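Chemist: Predicted model, plus sequence, below.
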Amino acid sequence: MTQPFLPLTARSREEAHRAATPLELFFDLCFVVAVAQAGAELVHAVAEGHAGTGVLNYAMVFWAVWWAWMNFTWFASAYDNDDVLYRVVTLVQISGVLILAAGVSRAFEDHDFLVVYIGYVVMRLALSSQWLRAAHHATDPAERTMCLRYAGGVIACQVGWTALLVAPEDVRPWVFLVMALAEMAVPMYAEKDVTTQWHPHHIAERYGLFTIIVLGETIAAATVAVKSGVTENDALREVLPIAAGGLLIVFAAWWIYFVVPAHDRLSSNRQGFLWGYGHYLIFTSAAAIGAGIEISVEQAVGKAHISTLAASSAVTIPSAVFLMCVWLLHARYFKVGFAQQAVLPVSSLAILMCTFAGHWAVFAAGLVAAATVAVGVILTATNPATRDARDAARHDARDTP
């Protein structure tokens, strides 16, 4: 039975069988709302011919969603004690996520970030209270200082975000960039003397779960788009290749992400920061694939005011970005020889070239993605040195300061 109050002390990094909790899974599920809202607004913007503005707004809103998830995930990995107070504060953070999601449309259409800001205030005040509580229970002065740095940094950044509400519209992207960099500097500053006891297996699982959620949202959005194209426009022949290609891309994305043990690269804070921050591009591109499939369907049935080339690129570009980022962040450390190392970069380029295949672009990209998985499986199975490379990657990760 859950206790009302327990000391909020650091958990062991060597803890066995550490897995995601039901509260963490519920937290992730609520983020689906925000991700879906951001994707829907991206579809609308690109379909109306405002791709530049839409992509910029999508990048900013998705960053806000991702950073809120990041803050909770890494704190929970180090300090989750699952008492009543911890659960209540986490539910408050979830409320902030839902408020943020409610403001996504206004942020996209009117560049009005007030509701998003309010959602962030709710989330960040709750997070700061968690860090203050951890500082209160810390027995090591260095750990207490780290927790206080986190709490102070979170509050200071939240004050800085106020500039986004009052700055002229053309200046807001620059304000956002400055504040995003400031936010990402807080963990590096807070942990410069002592690190949090995040759990490598737990972090890898949490990121994997969020990847599944984002890919699931991609499938859901694409399914709705295909259904609309068939039932409202009687365009089965036009949307079937897009649906098939999109499904192959999503299946391949899942396979490629989970084919290597990502936790083996998470043995130091340096690796953790690079890997964790780099996932912004993985999550963003994965969600954008679904938006791109929707855009392609709308263009195929005549509802989007863009060219076939533009619609195709809405799928192929994020697909290529996803493959390259997975390769850069962890897949390349487990590849042996030039052939294995070249698979994902070459496939990324091939998917980009599919952009020029006209109405068959998405289907062609799906075939390339499926071939990527097949080639990777064959090369791995026929090269006995792959297992040794994985062992070496684990050893190198442990030796990284």
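Modeler: Nice, thanks for sending it over. Residues are numbered from 1 along each chain as shown.

Chemist: Flag the shaky bits of this protein, pLDDT-wise.
Modeler: For the chain, applying pLDDT under 70 flags the ranges 1-2, 232-234, 384-401.

Chemist: ok, now with 50
Modeler: 393-394, 397-401 (pLDDT under 50).

Chemist: got the buried residues for the strand or helix carrying S296?
Modeler: If you go by DSSP states H and E, S296 is part of helix 269-300. By neighbour count on 16 or more other CB atoms under 10 Å, the buried set for helix 269-300 is 269, 271-272, 274-277, 279-300. Where you see a C-beta, it was placed from the backbone N, CA and C, and this is true even at glycine.

Chemist: My guess is L309 contacts C354. True?
Modeler: No: counting by CB atoms under 8 Å, L309 stays clear of C354, with 11.3 Å between them.

Chemist: The regular element (helix or strand) spanning C325: how far from the chain's middle?
Modeler: Using DSSP H and E, C325 maps to helix 308-329. Averaging C-alpha positions (CA atoms, centre = their mean, to the nearest Å) puts helix 308-329 15 Å from its chain's average.

Chemist: so what's I317 closest to, chain neighbours aside?
Modeler: Once flanking residues are discounted, I317 sits nearest to L352: 7.1 Å by CB to CB, 6 or more residues apart in numbering.

Chemist: scratch that, V97
Modeler: Nearest one to V97, counting by CB to CB, 6+ apart, is C30 at 5.3 Å.

Chemist: which residues touch the one you found?
Modeler: 94, 97-98 (CB atoms under 8 Å, 6 or more residues apart in numbering).

Chemist: which ones are touching the residue most central in space within the chain?
Modeler: With distances taken as CA atoms, centre = their mean, F283 lies nearest the centre of the chain, 2.8 Å away. Each residue near F283 by CB under 8 Å, 6+ apart is listed here: 62, 66, 210-211, 214.

Chemist: And L352, by the same measure?
Modeler: Counting by CB under 8 Å, 6+ apart, L352 has contacts 316-317, 320.

Chemist: Let me know the closest of those residues to N57.
Modeler: The closest of the contacts of L352 to N57 turns out to be I317 (CB to CB; 16.7 Å).

Chemist: Distance of the closest one relative to L344?
Modeler: Distance of I317 to L344, computed by CB to CB, to the nearest Å: 16 Å.

Chemist: More neighbours: which of the two?
Modeler: Shown here are I317 and L344; by other CB atoms under 10 Å, L344 has more neighbours (23 against 18).

Chemist: quick check, nearest of the contacts of L352 to L181?
Modeler: The closest of the contacts of L352 to L181 turns out to be I317 (CB to CB; 24.4 Å).

Chemist: Return the member of the contacts of F283 nearest to H17.
Modeler: F210 (20.7 Å).

Chemist: Once you drop chain neighbours, what's closest to the closest one?
Modeler: That would be D28: by CB to CB, 6+ apart, it lies 5.8 Å from F210.

Chemist: Who are the contact partners of the one you found?
Modeler: For D28, the contacting residues are 69, 206, 209-210, 213, by CB under 8 Å, 6+ apart.

Chemist: what's the angle between the longest helix along the chain and helix 308-329?
Modeler: Longest helix in the chain by number of residues, with DSSP state H as the criterion: helix 200-233. Per axes from the mean of the first three to the mean of the last three CA atoms, to 10 degrees, the angle that helix 200-233 makes with helix 308-329 is 170 degrees.

Chemist: Could you check helix 200-233 and say which residues are buried?
Modeler: For helix 200-233, the neighbour count (16+ other CB under 10 Å) marks 200-211, 213-219, 221-223, 225-226, 228-230, 233 as buried.

Chemist: cool, and stretch 249-263?
Modeler: Neighbour counts over stretch 249-263 (16+ other CB under 10 Å) mark 249-257, 260-263 as buried.

Chemist: Secondary structure for these - can I get that in TSV?
Modeler: What follows is the buried residues of stretch 249-263, written out as TSV (DSSP: H, G, I helix; E, B strand; the rest coil):
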residue	secondary structure
I249	helix
V250	helix
F251	helix
A252	helix
A253	helix
W254	helix
W255	helix
I256	helix
Y257	helix
V260	coil
P261	coil
A262	helix
H263	helix
